[in-house]
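Trainee: Predicted model, plus sequence, below.
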2 protein chains.
Amino acid sequence: MDPKTQARFEALAAVVKAMAHPTRLFVVDQLSRRERCVCELTDLIGADVSTVSKHLAVLKAAGIVASEKRGSRIYYNLRMPCVLSFFGCVESVIKSVARDSLTAVE
Amino acid sequence: MDPKTQARFEALAAVVKAMAHPTRLFVVDQLSRRERCVCELTDLIGADVSTVSKHLAVLKAAGIVASEKRGSRIYYNLRMPCVLSFFGCVESVIKSVARDSLTAVE
DNA sequence: TGGCGATTTGGTTATAATGCCAAATAATTA
DNA sequence: TAATTATTTGGCATTATAACCAAATCGCCA
């Protein structure tokens, strides 16, 4: 694989990897509805705040979310207008697998 | 997070994780053009065959690709019709980041 | 200014992922 | 059948992730 192609797929993988965790996908889903502060997300997720904070840092480093400080809180928002098609695509794979295992049984 | 939601995002993450590697994204991209045998993919990638085989196993376990044996070769094909929108979405995040860092300099 | 709520960072430990080599399997052909 | 090509599997060393706790920061307000 030539270096340019290599670099391209590494860049793509960096973004995909940032999404590759249940908690981070949950965060993305939540933020697709409205912005949320860390404390709200922490409540919704039910993990240690530091854990949530680190997940948010991963998403932010990939450019998937941005944060804005207001008062003593930091609000995160989604920077991924295509989030619906992304989730839809991934769900379609899951559904396809489910369909196949059904037909295999029948 | 309730168990059902948890399970949903774990299923999503399983698929996303399977895509979260430069080599595997490259494979998916190649297979979006046409099916390929392991030996062809190995040539294109330039890694050990066993490494490529394991990447293919990851994609297959997630339901992203399927394989078909013909003669002494095994051909892999893509089972993800939405692959274009998936890549497009991820690329849009990358472009958005690039745009932002440009405007930050200007 | 002292303390409180919100958030990040450092440290540690446990688990998972990656890549190569060597060996096992399978189909093909000489 | 022996040799050959194609692919997978097991094993191992290396590196990366993830989660929690503790400690450090940052803003806000009494």
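Mentor: Nice, I can see it.
Trainee: residues contacting the closest residue to A:Arg24 other than its chain neighbours?
Mentor: Leaving out its chain neighbours, the residue that sits closest to A:Arg24 by C-beta to C-beta, 6 or more residues apart in numbering or on different chains is A:His55, at 5.1 Å. C-beta coordinates here come from the backbone N, C-alpha and C atoms, glycine included. Shown in contact with A:His55 (C-beta atoms under 8 Å, 6 or more residues apart in numbering or on different chains): A:His21, A:Thr23, A:Arg24, A:Val27.
Trainee: possible to save those as CSV with secondary structure, neighbour count and distance to DNA strand C?
Mentor: Converted to CSV, those look like this (DSSP: H, G, I helix; E, B strand; the rest coil; neighbours: other C-beta atoms under 10 Å in any protein chain shown; distance: C-beta to the nearest atom of the strand, whole Å):
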residue, secondary structure, neighbour count, distance to DNA strand C
A:His21, coil, 20, 10
A:Thr23, helix, 22, 13
A:Arg24, helix, 23, 13
A:Val27, helix, 26, 11
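Trainee: Pull the CA coordinates from the helix ranked longest in chain A and hand them back as CSV.
Mentor: For chain A, the longest helix by residue count, based on DSSP state H, is helix A:83-105. What follows is helix A:83-105, C-alpha atoms only, in CSV (Å, rounded to 0.1, in the frame of the first residue of the first chain):
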residue,chain,number,x,y,z
VAL,A,83,-24.8,11.0,12.3
LEU,A,84,-28.1,9.6,11.3
SER,A,85,-26.8,8.0,8.1
PHE,A,86,-23.8,6.7,10.1
PHE,A,87,-26.0,5.0,12.7
GLY,A,88,-28.4,3.8,10.0
CYS,A,89,-25.7,2.2,8.1
VAL,A,90,-24.3,0.4,11.1
GLU,A,91,-27.8,-0.8,12.1
SER,A,92,-28.4,-2.1,8.6
VAL,A,93,-25.4,-4.4,9.0
ILE,A,94,-26.8,-5.7,12.3
LYS,A,95,-30.2,-6.2,10.8
SER,A,96,-28.8,-8.0,7.9
VAL,A,97,-26.9,-10.4,10.2
ALA,A,98,-30.1,-11.0,12.2
ARG,A,99,-32.1,-11.7,9.0
ASP,A,100,-29.5,-14.2,7.8
SER,A,101,-29.4,-16.1,11.1
LEU,A,102,-33.2,-16.3,10.9
THR,A,103,-33.3,-17.7,7.4
ALA,A,104,-30.5,-20.2,8.4
VAL,A,105,-32.8,-21.6,11.1
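Trainee: Mind giving me the packing neighbours of that helix?
Mentor: helix A:22-33, helix B:3-19, helix B:83-105 (3 or more C-beta pairs under 8 Å, 6 or more residues apart in numbering or on different chains; DSSP states H and E).
Trainee: Touching the last one from outside, list them.
Mentor: Spelled out, that is helix B:83-105. By C-beta under 8 Å, 6+ apart, helix B:83-105 touches A:11-12, A:15-16, A:62-64, A:79-83, A:85-86, A:88-90, B:19, B:28-29, B:32, B:80.
Trainee: hmm, which of those residues are the buried ones?
Mentor: Burial by neighbour count, 16 or more other C-beta atoms under 10 Å in any protein chain shown: within the contacts of helix B:83-105 this picks out A:11-12, A:15-16, A:62-64, A:79-80, A:82-83, A:85-86, A:89-90, B:19, B:28-29, B:80.
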